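>>> Attaching a predicted model along with its sequence, questions to come.
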Amino acid sequence: MIWLFANMISALVMISVWSAVNNPGLIGGYQKSELITYYILSLFLSWIVLWFPFNKITHEIQEGQIGLKIMVKPISFYVLYFFQEIGWHVISSLVGLVTSLFLFISFKDQIYLSLTFFKIFLLLPATTMAILLTYTMSVNMALLAFWFTQVGAIESFFWVGRSFLGGTAIPISFLPDWITNVVILLPFRYMFSFPLEIVFGKVNFQQIVIGLVISVIWYVILYLLYRWLWKKGCQAYSSYGH
Amino acid sequence: MKRYLRLYFIFFRNCLIREMEFRFNFLIWTIMDIIYLATVLLGTYLIFGHIQEIGGWSKNEVLLLVLTTSLIFDLLWTFFMVNLMFFSDLVREGNLDFALLKPVNPRFIVSTRYFEFDHYVRMPIIFYLIFKLVGEIGISPSLLSWLLYSISLLFGLLIVYCFFFMITTTNFWFIKIFNFSNLFDDVLDVARFPSSIYKNKLKYFFLYFIPSAFIAYFPVEILLGRRSWETVVFSGLVMFFLFIVSQKFWRFALKHYQSASS
């Protein structure tokens, strides 16, 4: 219970911030009630899309377990870790559901949400792409542990990018216009912000289609990068401790 | 007392020597720290790009909160947090025995053994920015205000230390209930905004259960001239109280300690 609450803290902070603001009209393209809802849904979404085996993989590479665990098995590394994540994400989605329902009920007077079947239909591919992109990105960063010990620093850059260019800290429409134009081309938006933008109707149908195409392109790029990193990594790898 | 001071100095020197052996590491994390500072400042700028004030606080005033929070963050990591993380490992792996066997106060040894030095570049930057902001806001705090600000910061630091010390002590029973540094980051998230925005039950939870108001809200209000020495006295009392409570809790926990390895 305490643990669940601890995960809600930063969402609660942002909700409190927007509740305390008395601005007439739109703030960064959002209504006040939409912003409050944005952070509740963010909490839910982060439980769903964060397929992030980074620590597990780096640990196994650095401890020299990866050779025994993966290289000798007749299954792709990428697929194996993907399936290992599924179990946890069944639980984490439930946790996300419970916590966000709790927040929905607590702030029911201050939220705004309109969902149509059409939106839900579009949410499915957008969320799937968010999962795939986050997962592949995480695996790619973790594979750098074959060469560098300080992969944590690289990971930090990822979190910073995700916070501001991916919309976890603040909606991307708060960024200056010229950055927003760049953000549309970067992968971070499609790891988090894109499904939320669909929910709040901030993108029209054409923009959604373009967004999905861009995220597929990024997925292909990241996946090819993974193939390359894995191949090179196996060559560079010398099993420590065996 | 003298013996403890000497020990403290030896710990410090030992950690500094160790840190210097991994210079590249040191450099990387120094840079990362500065990037982190830039991102929290950026977040505040982005929010204030679209609004004028939060709960009556202007942009520069909130920035003061953000900077003071970062300062506490640096001080905590320099002096306490690494220790608490190791302390948690000690309990989990059953190595606390070695700390208990030493002929010094065990709380002293688990709280002060390690130092982290990554923050030495960031702290002067923070000091500089705080002075600059105070100038921009157009207040000129007296020497006394600065002194009270520093004292309340020190109390805030010790209050947060006691709070996290107690949380770590729960490790005697629960193996790992918190992702420690995540909780810490969350607590600091709370402190980055004026405590007056938290309403109803949330207020009690954020201000008193998690002692977030002591981190930056009270010190900055003192600096802005909205509060005075009464708040400092109050912080001092809370710190004193928490110190005793955490000490009792620690004693109680030690009685229940069952070493895991031996």
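Noted; the coordinates are in hand. Nothing here was measured: the structure is a model prediction, and the numbers come from that model. Numbers count the residues shown, from 1 in each chain, chains lettered A, B, ... in the order given.

>>> Going by C-alpha atoms from here, please, whenever you check contacts or count neighbours.
Noted.

>>> Any buried residues in the helix or strand hosting residue B:245, and which?
Here residue B:245, judged by DSSP states H and E, is contained in helix B:229-255. Of all the residues in helix B:229-255, those buried under the rule 16 or more other Cα atoms under 10 Å in any protein chain shown are B:231-232, B:235-236, B:238-240, B:242-243, B:246-247, B:250, B:253.

>>> could you dump the residues you listed to a markdown table with distance to residue A:54 and pLDDT?
What follows is the buried residues of helix B:229-255, written out as a markdown table (distance: Cα to Cα, whole Å; pLDDT from 0 to 100):
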| residue | distance to residue A:54 | pLDDT |
| --- | --- | --- |
| B:231 | 45 | 90 |
| B:232 | 44 | 92 |
| B:235 | 41 | 93 |
| B:236 | 43 | 94 |
| B:238 | 40 | 93 |
| B:239 | 39 | 94 |
| B:240 | 42 | 94 |
| B:242 | 38 | 93 |
| B:243 | 38 | 93 |
| B:246 | 35 | 93 |
| B:247 | 38 | 92 |
| B:250 | 35 | 89 |
| B:253 | 34 | 86 |
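
>>> what does chain A have sitting close to chain B?
Counting by Cα under 8 Å from any Cα of the partner chain, chain A comes close to chain B at A:3, A:6-7, A:9-10, A:13, A:16-17, A:19-21, A:23, A:27-28, A:150, A:153, A:156, A:160, A:164, A:169-170, A:174-175.

>>> Could you rerun that using 7 Å?
Within chain A, the positions adjacent to chain B are A:3, A:6, A:9-10, A:13, A:16-17, A:20-21, A:23, A:27-28, A:174-175 by Cα under 7 Å from any Cα of the partner chain.

>>> Distance of residue B:26 relative to residue B:130?
Distance of residue B:26 to residue B:130, given as Cα to Cα, to the nearest Å: 25 Å.

>>> The helix holding residue B:245 - contacts with which helices or strands?
Using 3 or more Cα pairs under 7 Å, 6 or more residues apart in numbering or on different chains; DSSP states H and E, the elements in contact with helix B:229-255 are helix B:143-169.

>>> For the helix it packs on, which helices and strands make contact with it?
On a contact count with 3+ Cα pairs under 7 Å, 6+ apart, helix B:143-169 meets helix B:82-93, helix B:217-223, helix B:229-255.

>>> Export these as CSV, with columns for distance to residue B:159.
CSV is the format used below for the helices and strands packed on helix B:143-169 (distance: least, Cα to Cα, whole Å):
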stretch, distance to residue B:159
helix B:82-93, 14
helix B:217-223, 13
helix B:229-255, 5
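
>>> Nearest to residue B:18 among those would be which one?
With Cα to Cα as the criterion, residue B:18 lies closest to helix B:82-93 of the helices and strands packed on helix B:143-169, at 14.1 Å.

>>> How far off centre is that closest one?
Taking Cα atoms, centre = their mean, to the nearest Å, one finds helix B:82-93 lying 17 Å from the centre of the chain it belongs to.

>>> which helices and strands does it pack with?
Partner elements for helix B:82-93 (3+ Cα pairs under 7 Å, 6+ apart): helix B:106-112, helix B:143-169.

>>> neighbouring contacts of the helix or strand following the shortest one?
To tie it back to what came earlier, the one meant is helix B:106-112. Toward the C-terminal end, the helix or strand that comes next after helix B:106-112 (DSSP H and E) is helix B:122-137. Residues outside helix B:122-137 that contact it (Cα atoms under 7 Å, 6 or more residues apart in numbering or on different chains): B:33-34, B:60, B:64, B:67, B:71.
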